[in-house]
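Trainee: A structural model of the following input is requested.
(one chain, ligands or ions: 1)
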Amino acid sequence: MTIEQVCPYCGIKLDRWPKIKSRCRICGQVIYPRLQFRTNKILLLKKEELALNETDTEEYFFIKKWKSVLMGFGMTETEYEQLKQKTETSYESDVIWDGFNQLILEYSKKADFGQLQNIYYSMALFEYEEGRSPFQSLKLSNQMRLKRLQQKKNKE
Ligand SMILES: [Zn+2]
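Mentor: Modelled structure (predicted):
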């Protein structure tokens, strides 16, 4: 773990790494040590930087959760990284969305309506958590369910 042992306010080199919030012995400002989950590094933050780090942490866990959903549908770490390279965006949530669409293509080729139903349902949950309308995805999930039932009936 590489750490920058300087006060975020005055830049003075600290002789000791603060484990809890502490005052800089030179400028007297309060320093907040916080773990940055994305990089697994401890950062020394100013008070006004705390909210930003919190948002960063929430985003980190949001992405981590939805990435594992993609993996649950069979996407590999390599495929995800390739998608990340291909997706021209600075928002990783767009990569998650592209991941879902890639899975839709794969399972459509196999006519696996059961999995398509589940993927569209997950997409609806993802949209809901992002504050977007999930209705289109829910509709598609239901359509896949009907197709799956039809497919089952045809086999009998
Ligand atoms: Zn200082």
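Trainee: Just the buried positions in the host helix or strand of Gln117, please.
Mentor: Using DSSP states H and E, Gln117 sits within helix 113-129. The neighbour-count check on helix 113-129 (16 or more other Cβ atoms under 10 Å) flags 113, 115-124, 126-127 as buried. C-beta here means a position set from N, CA and C on the backbone, and glycine is covered the same way.
Trainee: Leu43 in helix, strand or coil?
Mentor: Here Leu43 is recorded as strand under DSSP: H, G, I helix; E, B strand; the rest coil.
Trainee: The ion: which of the buried residues of helix 113-129 is nearest?
Mentor: Closest to the ion out of the buried residues of helix 113-129 is Phe126 (42.7 Å), distances taken as Cβ to the ion.
Trainee: now for the helix holding Gln117, which elements pack on it?
Mentor: Judged by 3 or more Cβ pairs under 8 Å, 6 or more residues apart in numbering; DSSP states H and E, helix 113-129 is in contact with helix 50-72, helix 92-109, helix 135-155.
Trainee: Would you mind giving the orientation angle of the second one with respect to helix 113-129?
Mentor: This points to helix 92-109. Relative orientation of helix 92-109 versus helix 113-129 (axes from the mean of the first three to the mean of the last three Cα atoms, to 10 degrees): 160 degrees.
Trainee: can you check the last one too?
Mentor: Helix 135-155 and helix 113-129 are oriented at 170 degrees to each other (the same axes, to 10 degrees).
Trainee: quick one: Thr39 from Asn53, how far?
Mentor: Counting by Cβ to Cβ, to the nearest Å, the separation of Thr39 from Asn53 is 11 Å.
Trainee: Of the two, which one has the most company?
Mentor: Asn53 (17 against 12; other Cβ atoms under 10 Å).
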